[in-house]
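Participant: sequence plus predicted model, see below.
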Amino acid sequence: MRHKGVMFALLLFFASILAACGGAPAAAPTTAPEAPAEATAAPAAPAAELAVGIVLPTRDEPRWIQDETRFQEALTAAGYQVEILFSQGDSARERQNVESLITKGIQVLIITPHDGTAAAAAANAARDAGVKVISYDRLIRETDAVDYYVTFDSLAVGAQQAQYLVDNASGTDNPLYLYAGAASDNNAFIFFEGAWSVLQPKIADGTFRVVNSSAATELSGTAELSREQQAEIIGQITTNWDFNTAKTLTESNLTAAAAADKGAVFILAPNDGTARAIADTFAADPDVSSYLVTGQDAEQASVQYIIDGKQSMTVFKDVRTLVDDAISAAIALLSDQEPTASGAYDNGAKEVPAIQSPVVTVDQANVQEALIDSGYYSADEFSGLE
Ligand code: BGC
């Protein structure tokens, strides 16, 4: 409820700023789910009215559809025009999307980069056109053309995944399989860093034995890894945030694994999409007697997997909060003010002021309370809840 009140106030403020800027709010938002050329959902906004453009990385993962939906809900409620473009995992297309939004006259760009470093060029182009840049969820690296970063507590995401495995393991020599996100995504490093901080002591003391990364085994005595050491491990266990890559890598890990590496296994999976692919592959191996697998994003399909006992947990990142934070930051930047920051992230070129939202571990025990009672999903979207 508090959430809705804040949202409403923000949106009223946002609408009044837009009106003051000379652009009358439109009756309906203009959203373009694909590249500009394919953007046929609604007539294009007159340039002066399109103050904010949003670029998201791909429509192929439910995570980013959640963000699109929440942005649409929030901005539609304000009668505000916005264009949301997807880069489909392609930095060149991302750059075209940004250029297209700049041409349409946006003043603020909210962008989740496909590749954090490659996106620096797009951020620079925006800055050169006088457009403020908000990095949304993923940090754009190696440029000072990023004004603000809106993110979840990504260290906590990894730490909570790892803690779940630790809390459910007993004895020693438990087979542990590690998987990570895309090396082009700064978040993959932060998630892994958070996970490693919790897992490393438990690998070092013999609770877990890493099966599928020689680099992780070699570094098991090192509590704090350098970025290069993280990259070495991630290079061996990356899913590239892709379900098929996750499946293929898991299959090859299981083919190489000895019988002693199977039985009751523990799996660090970086997000829900890859977790489902990885879980299905472990479930299909007759030598795997049970598995515990982590996730992230509370995607609807994974919530059903959790209810069905096919995925052990997810880390819920309430996208409504992230959208609110991004809109608040956009409002501040549109009125030449500094957005509220609770810290800063080093992107390799500057300390980017940031606001960071908390995350919540969800498993069978609290799925009803965290995801249904909170209004994030409705009960009829799932079967077998009670
Ligand atoms: C996001 C995750 C998402 C992953 C794959 C990360 O940067 O923080 O929520 O699952 O990318 O798209």
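Facilitator: Structure's in. What do you need?

Participant: tell me where the protein has helices.
Facilitator: Counting by DSSP state H, one finds helices in the chain at the ranges 2-20, 62-77, 91-103, 120-128, 154-167, 186-204, 214-218, 227-237, 243-256, 272-283, 300-307, 319-334, 367.

Participant: which among those is found nearest to K262?
Facilitator: Taking Cβ to Cβ as the criterion, helix 243-256 is the member of the helices of the chain that comes nearest to K262, at 7.6 Å. Where C-beta positions appear, they are placed from N, C-alpha and C, glycine not excepted.

Participant: run a quick neighbour tally on A183.
Facilitator: By the criterion of other Cβ atoms under 10 Å, A183 has 16 neighbours.

Participant: hang on, I meant Q337
Facilitator: Neighbours around Q337, by other Cβ under 10 Å: 10.

Participant: pLDDT wise, what is the nearest residue to W64 once chain neighbours are set aside at?
Facilitator: With sequence-adjacent residues excluded and distances taken as Cβ to Cβ, 6 or more residues apart in numbering, W64 is closest to L56, at 4.7 Å. Looking at L56, its pLDDT reads 98.

Participant: quick check, L56 in contact with I84.
Facilitator: Yes. In terms of Cβ atoms under 8 Å, L56 counts as a neighbour of I84; the distance is 6.5 Å.

Participant: look up how far N174 lies from the most centrally placed residue in the chain.
Facilitator: Among the residues of the chain, the one closest to the centroid is D137, at 5.8 Å (Cα atoms, centre = their mean). In this view, D137 and N174 are 32 Å apart by Cβ to Cβ, to the nearest Å.

Participant: list the contacts of L176.
Facilitator: Counting by Cβ atoms under 8 Å, 6 or more residues apart in numbering, L176 touches 165, 199, 203, 208-211, 265-268.

Participant: if we use 10 Å, what do you get?
Facilitator: Applying Cβ atoms under 10 Å, 6 or more residues apart in numbering to L176 gives the contacts 162, 165, 169, 199, 202-203, 207-213, 216, 261, 265-268, 292.

Participant: from those residues, which ones fall inside strands?
Facilitator: Under the assignment DSSP state E, those contribute 208-210, 265-268, 292 to strands.

Participant: between the residues you listed, which is nearest D90?
Facilitator: Checking the ones in strands among the contacts of L176 one by one against D90 (Cβ to Cβ), the nearest turns out to be L268, at 28.2 Å.

Participant: so that closest one bridges to which residues?
Facilitator: Going by DSSP bridges, L268 is paired in beta bridges with L178.

Participant: okay, now it: neighbour count?
Facilitator: Residues near L268, counting by other Cβ under 10 Å: 28.

Participant: nearest to the ligand: which residue in the stretch 51-200 of the chain?
Facilitator: Among the residues of the stretch 51-200 of the chain, N187 lies closest to the ligand, at 3.7 Å counting by Cβ to the nearest ligand atom.

Participant: that should have said the stretch 251-386 of the chain, apologies.
Facilitator: Using Cβ to the nearest ligand atom, the single residue of the stretch 251-386 of the chain nearest to the ligand is N271, 3.5 Å away.

Participant: can you pull the contacts of the residue nearest to that residue when sequence neighbours are not counted?
Facilitator: Nearest residue to N271 in three dimensions, chain neighbours excluded: Q296, at 4.3 Å (Cβ to Cβ, 6+ apart). Going by Cβ under 10 Å, 6+ apart, Q296 touches 63, 152, 154, 157-158, 160-161, 181, 187, 191, 269-275, 302, 313-317, 359.

Participant: can we see that at 8 Å?
Facilitator: Neighbours of Q296 in contact, by Cβ under 8 Å, 6+ apart: 157, 161, 191, 270-272, 275, 314-315, 317.

Participant: kindly report the same for S290.
Facilitator: 263-265.

Participant: and the protein, which residues reach the ligand?
Facilitator: For the chain, the residues in contact with the ligand (Cβ under 6 Å from any ligand atom) are 61, 63, 137-138, 181, 185, 187, 241, 271, 296-297.

Participant: ok, so of those, who is nearest E232?
Facilitator: Proximity of those to E232 was ranked by Cβ to Cβ; the top entry is G181 with 15.4 Å.

Participant: what about the closest residue to the closest one other than its chain neighbours, neighbour count?
Facilitator: Nearest in space to G181, with sequence neighbours left out and distances taken as Cβ to Cβ, 6+ apart, is A188 at 3.3 Å. The tally of other residues near A188 (other Cβ under 10 Å) stands at 26.

Participant: any idea how far A188 lies from A77?
Facilitator: Distance from A188 to A77, counting by Cβ to Cβ: 34 Å.

Participant: re the thing from before, most neighbours among the contacts of S290, please name it.
Facilitator: V265 (22 neighbours).

Participant: and it, what pLDDT?
Facilitator: If you check V265, the pLDDT there is 98.

Participant: tell me where the model's unsure across the protein.
Facilitator: Scanning the chain for pLDDT under 70 picks out the ranges 1-49, 78-80.

Participant: tell me the domain boundaries of it?
Facilitator: Per automatic domain parsing, the domain ranges recorded for the chain read 50-146+319-357, 154-317+362-381.

Participant: I110 contacts S328, correct?
Facilitator: No. If you go by Cβ under 8 Å, I110 and S328 don't touch, sitting 11.6 Å apart.

Participant: of those two, which one has the most company?
Facilitator: I110 (28 against 19).

Participant: re earlier: okay, and the common contacts of L56 and I84?
Facilitator: Residues touching both L56 and I84 (Cβ under 8 Å, 6+ apart): E68.
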